[in-house]
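Participant: please find the sequence and the predicted model below.
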Amino acid sequence: MTEFSRRLVRRCWLSAVQNPLQVISFPALQLHVSGTAMRASQEDFENAMNQVKLLKKDPGNEVKLKLYALYKQETARQNYVDLVSSLTSSSKSSSQAKPGADRERQGYENLVVTSEDGITKIMLNRPIKKNAISTQMYHEIMLALKTASKDDSTITVLTGNGDYYCSGNDLTNFTDIPAGGVEEKAKNSALMLRDFVGCFIDFPKPLIAVVNGPAVGIGVTTLGLFDVVYASDKATFHTPFGHLGLSPEGCSSYTFPKIMGPAKAAEMLIFGKKLTAREACAQGLVTEVFPDSIFQKEVWTRLKAYSKLPPNAMRVSKQVIRNTEKEKLHAVNAEECRVLRERWMSDECINAAMNFLSRRAKL
Ligand SMILES: CCCC/C=C/CC(=O)SCCNC(=O)CCNC(=O)[C@H](O)C(C)(C)COP(=O)(O)OP(=O)(O)OC[C@H]1O[C@@H](n2cnc3c(N)ncnc32)[C@H](O)[C@@H]1OP(=O)(O)O
């Protein structure tokens, strides 16, 4: 038990003796006494985080996961602020939309989905977290893709709001451990990931990525499943799986060697080499790079022209290209998820997530 936990337990016990009406909520690190809430101070929390960093003996995965869960609760207030901020920024985005924009689809918390000029645009909208994909966002993106596959638009675009396209999987996703423990979490995550990537494999219409800024992890790997990828020259492409104790997903273990050759793919997927937009274009992952100052204008002008092409011809052409590979891609997806399920339970992966959450490591 750390000094912080000892102090906390002592505080709970003293309060309980002094006021039997109180409710003690240990996991939230919060004591409700006579209607007033007393929180462990920010200083207590930071001290505890520092003590965790200084622990000489590895406390083991069970304890680490408890720490993640408690950390997550302490950051719940931050999540509240994020959510309110994303609501503000989606209303800003919609107020910035041109009059005449067909419609904005409601009901998404972290996406802005619009349909205009025959184009459905799915915009990741969590800019203060660099568009990291939370568990809820995985489900929202799947829903948006399924809806777009059936709507009357001719092409579908995925892009990001703010300076990032996507910073990959939200590394706090794994702090939400269910009763069945880390194994159940890994199993559920693997199932969700398989469905998520499956939506990209099966998407029936032309799917375009408009990569407005840096892309990380699953934000990069899924690009191999798009039909066209346009990038700002500010974008970078980074798959730091080695650093995170992870292995490739999004079918990248198959699409990347095929697109760029096995050696270049290995540099990215095994060693985490970060590519500039121009390098990614030279290696075939990106279709075309534009100077950031004219990126949005040029890309949307081009996409509007493409969206007027005969829709059935575009759909059939996409499908005839994709169908020869579909079975293979689903098999690759299943295998990548199987391997990742084990990775998520490894010390390498848990330590890397812990390092990020305790702000010891970034990419
Ligand atoms: C279940 C499906 C699993 C699928 C598996 C997928 C694998 C992957 O996607 S692996 C890639 C995971 N992503 C990362 O490792 C990126 C981690 N983030 C970073 O290294 C940095 O945040 C980044 C380089 C992206 C940006 O650095 P800065 O420009 O310095 O910004 P900040 O670090 O201050 O970020 C702002 C804010 O956003 C939070 N953030 C950013 N990325 C993530 C993320 N991936 N997960 C969770 N949170 C993220 C960051 O913590 C900051 O939050 P606050 O500290 O609360 O301000």
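Facilitator: Here it is on my side, so go on.
Participant: how far away is W344 from I177?
Facilitator: 11 Å (C-beta to C-beta, to the nearest Å). The C-beta positions use only the backbone N, C-alpha and C, and glycine is treated the same way.
Participant: likewise for P262?
Facilitator: Using C-beta to C-beta, one obtains 37 Å as the distance from P262 to I177.
Participant: where do the helices of the stretch 51-200 of the chain begin and end?
Facilitator: Secondary structure of the stretch 51-200 of the chain (DSSP state H, counting those that start in this stretch): helices at 61-74, 76-96, 135-150, 181-202.
Participant: least reliable of these by average pLDDT, please.
Facilitator: Comparing mean pLDDT across those, the weakest is helix 76-96, with a mean of 49.
Participant: how about the residues of the stretch 101-250 of the chain by the ligand?
Facilitator: 129-130, 132, 167-173, 189, 192-193, 216-218, 240, 244, 246, 249 (C-beta under 6 Å from any ligand atom).
Participant: was I right about T236 contacting N212?
Facilitator: No. T236 is not in contact with N212 according to C-beta atoms under 8 Å; the separation is 11.9 Å.
Participant: between these two, who's got more neighbours?
Facilitator: When T236 and N212 are compared on other C-beta atoms under 10 Å, the one with more neighbours turns out to be N212, at 26 against 21.
Participant: ok, that one touching D233?
Facilitator: No. Using C-beta under 8 Å, N212 is not in contact with D233; the gap is 11.0 Å.
Participant: related to what we said a few turns ago, W344 and I177: who's more crowded?
Facilitator: Between W344 and I177, counting by other C-beta under 10 Å, W344 is the more crowded of the two (21 against 17).
Participant: list the residues that contact the more buried one.
Facilitator: Residues near W344 by C-beta atoms under 8 Å, 6 or more residues apart in numbering: F174, V182, K185, A186, S189, A190, L246.
Participant: point out where the stretch 101-250 of the chain drops to low pLDDT.
Facilitator: Applying pLDDT under 70 to the stretch 101-250 of the chain flags residues 101-105.
Participant: hmm, who's touching stretch 246-256?
Facilitator: Residues outside stretch 246-256 that contact it (C-beta under 8 Å, 6+ apart): 193, 197, 200-201, 218, 220-222, 224-225, 239, 241, 264-265, 268-269, 285, 328-329, 332-333, 335-337, 339-340, 343-344, 349, 352.
Participant: and whichever residue of the chain sits closest to the ligand, its phi and psi?
Facilitator: With C-beta to the nearest ligand atom as the measure, G217 is the residue of the chain nearest to the ligand, at 2.1 Å. When read as degrees, to the nearest 10, the backbone of G217 gives phi 50, psi -120.
Participant: my read: it touches G168, true?
Facilitator: Yes. Contact criterion C-beta under 8 Å: G217 and G168 qualify, at 2.6 Å.
Participant: show me the domain layout of the protein.
Facilitator: The record assigns the chain these domain ranges, following automatic domain parsing: 3-74, 91-357.
Participant: and the ones you listed, which is most packed in?
Facilitator: domain 91-357 (a mean of 18; mean count of other C-beta atoms under 10 Å).
Participant: strands of the protein, residue ranges please.
Facilitator: 23-25, 30-33, 36-39, 103-105, 111-116, 119-124, 155-160, 207-211, 215-216, 228-232, 236-238, 275-276, 288-290 (DSSP state E).
Participant: what's the average pLDDT for the second one?
Facilitator: Right, strand 30-33. 31.
Participant: which helix runs longest in this protein?
Facilitator: Secondary structure assigned by DSSP state H gives helix 311-343 as the longest helix of the chain.
Participant: which strands or helices does that one pack on?
Facilitator: Judged by 3 or more C-beta pairs under 8 Å, 6 or more residues apart in numbering; DSSP states H and E, helix 311-343 is in contact with helix 181-202, helix 252-260.
Participant: M123: which of those helices is closest?
Facilitator: helix 181-202 (16.5 Å; C-beta to C-beta).
Participant: which secondary structure elements does the closest one contact?
Facilitator: Secondary-structure packing of helix 181-202 (3+ C-beta pairs under 8 Å, 6+ apart): helix 61-74, helix 135-150, helix 311-343.
Participant: gap between it and the chain center?
Facilitator: Averaged C-alpha coordinates place helix 181-202 at 13 Å from its chain's average position (C-alpha atoms, centre = their mean, to the nearest Å).
Participant: please apply the same query to stretch 299-316.
Facilitator: That offset, for stretch 299-316, works out to 28 Å (C-alpha atoms, centre = their mean).
Participant: contacting residues around it?
Facilitator: Residues external to stretch 299-316 that are found in contact with it (C-beta under 8 Å, 6+ apart): 117-119, 153-155, 157, 204-206, 208, 210, 230, 290.
Participant: out of these, the closest to E109 would be?
Facilitator: Nearest to E109 among those, with distances taken as C-beta to C-beta, is V157, at 19.9 Å.
Participant: contact partners for V229?
Facilitator: With contact taken as C-beta under 8 Å, 6+ apart, V229 is in contact with I208, A209, V211, L223, L285, V286, T287.
Participant: ok, which pair from the contacts of stretch 299-316 is furthest apart?
Facilitator: Most distant of these, by C-beta to C-beta, are P204 and F290, 27.3 Å apart.
Participant: need the contact list for the closest residue to T276 other than its chain neighbours.
Facilitator: Closest residue in space to T276, ignoring its immediate chain neighbours: T236 at 6.0 Å, by C-beta to C-beta, 6 or more residues apart in numbering. Going by C-beta under 8 Å, 6+ apart, T236 touches P214, A215, K274, L275, T276, A277.
Participant: could these go into JSON lines alongside distance to E140?
Facilitator: Listed next are the contacts of T236 as JSON lines, based on distance: C-beta to C-beta, whole Å:
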{"residue": "P214", "distance to E140": "21"}
{"residue": "A215", "distance to E140": "18"}
{"residue": "K274", "distance to E140": "27"}
{"residue": "L275", "distance to E140": "28"}
{"residue": "T276", "distance to E140": "30"}
{"residue": "A277", "distance to E140": "27"}
